[in-house]
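1. okay, here's the prediction I keep looking at, along with the sequence it came from:
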Amino acid sequence: MARAPSLCGVLLAAGESSRMGADKALLPWPPGQTQDTFLSTAIRLLNAFNDMVIVVAGNNEASLAPAVYATSALLVRNPVPERGQLSSLQVGLEEVLNQGRDAATIALVDRPPVAPATLRTLIAAFESAVAQEKWAVVPECQGKHGHPILAGREMIEAFLTAPESSTAREVEHANQEHIQYVAVEDPNVAMNVNTPADYASLGTKPAL
């Protein structure tokens, strides 16, 4: 039996970007141009494969709002972003359920978006994962797990009921038997962009 999910994109963008020195969500993508950013490009990608997109902001809510609303996404604020990424994820997933959706495509704003073909591969795997009693699909490239993660209702509940002291990775590992890891040839799934040097090293070819 195939899963027929009602997917909602969740884009986590509440980080302080302290090592970058500027909000990573608003960095130009691809580098060297001024039209698009990590944020706008990621929203456009998620919009193409999801019913709607929710962006989770923190103290940067006001600076992200124009780009979010210009791309027809929904903006929600994590009131306690200092608690870490899991708290932002929980805010976003609560909104997924409030919007009547039962599955989420969870992505991070601080990295180049994956290729559309990668997301199509993950969605196809997710739609058939219910037959293997899997709750989520996680991409893997060269031995590294990454994002976007596709999470069904069971995995959403696992994230929402996790203790405040937990991390999203710990919740994933605690439910590993319910997760399907999908090998992809897209290094962006596990790319980390934390510093100006990381950003400067990126190629100039966009994912979309």
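-> Yes, it's here. Residues are numbered from 1 along each chain as shown.
2. for the closest residue to R101 other than its chain neighbours, give the beta-bridge partners.
-> The shortest distance from R101 to any non-neighbouring residue, by C-beta to C-beta, 6 or more residues apart in numbering, is to C8 (3.9 Å). Quick note: C-beta positions are derived from backbone N, CA and C, even for glycine. For C8, the beta-bridge partners under DSSP bridges are M52, A104.
3. so how many other residues sit close to C8?
-> Look at C8: counted by other C-beta atoms under 10 Å, it has 26 neighbours.
4. which residues does it contact?
-> N50, D51, M52, V53, I54, V96, Q99, R101, A103, A104, T105 (C-beta atoms under 8 Å, 6 or more residues apart in numbering).
5. list buried residues within these.
-> N50, M52, V53, I54, V96, R101, A103, A104, T105 (16 or more other C-beta atoms under 10 Å).
6. the fourth one: what secondary structure?
-> Under DSSP: H, G, I helix; E, B strand; the rest coil, the three-state class of I54 is strand.
7. thought it was touching R77?
-> No: contact criterion C-beta atoms under 8 Å: I54 and R77 do not qualify, at 11.2 Å.
8. lowest-confidence helix or strand of this protein?
-> helix 196-200 (a mean of 88; mean pLDDT, DSSP states H and E).
9. list the buried ones in that helix?
-> D198, Y199.
10. any idea how far stretch 93-100 is from the chain center?
-> 15 Å (C-alpha atoms, centre = their mean, to the nearest Å).
11. center of this protein - which residue?
-> A107 (0.8 Å; C-alpha atoms, centre = their mean).
12. so it sits in a helix?
-> No: read with three-state DSSP, A107 is strand and lies in no helix.
13. hmm, it is touching H147, no?
-> Yes: contact criterion C-beta under 8 Å: A107 and H147 qualify, at 5.3 Å.
14. state the phi and psi torsions of P30.
-> Per-residue torsions, P30: phi -70, psi 160 (degrees, to the nearest 10).
15. residue ranges with poor pLDDT in this protein?
-> Scanning the chain for pLDDT under 70 picks out 1-5, 130-131, 203-208.
16. just the helices from it, written as ranges.
-> For the chain, applying DSSP state H gives helices covering 38-47, 61-70, 85-98, 116-129, 153-160, 168-174, 196-200.
17. show me the one of the ones you listed that comes nearest A22.
-> helix 196-200 (8.5 Å; C-beta to C-beta).
18. dump the C-alpha coordinates for the closest one into PDB.
-> What follows is helix 196-200, C-alpha atoms only, in PDB (Å, rounded to 0.1, in the frame of the first residue of the first chain):
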ATOM      1  CA  PRO A 196      32.300  33.200   5.500                       C
ATOM      2  CA  ALA A 197      35.000  30.700   4.300                       C
ATOM      3  CA  ASP A 198      32.400  28.000   3.800                       C
ATOM      4  CA  TYR A 199      30.200  30.300   1.800                       C
ATOM      5  CA  ALA A 200      33.100  31.500  -0.300                       C
END
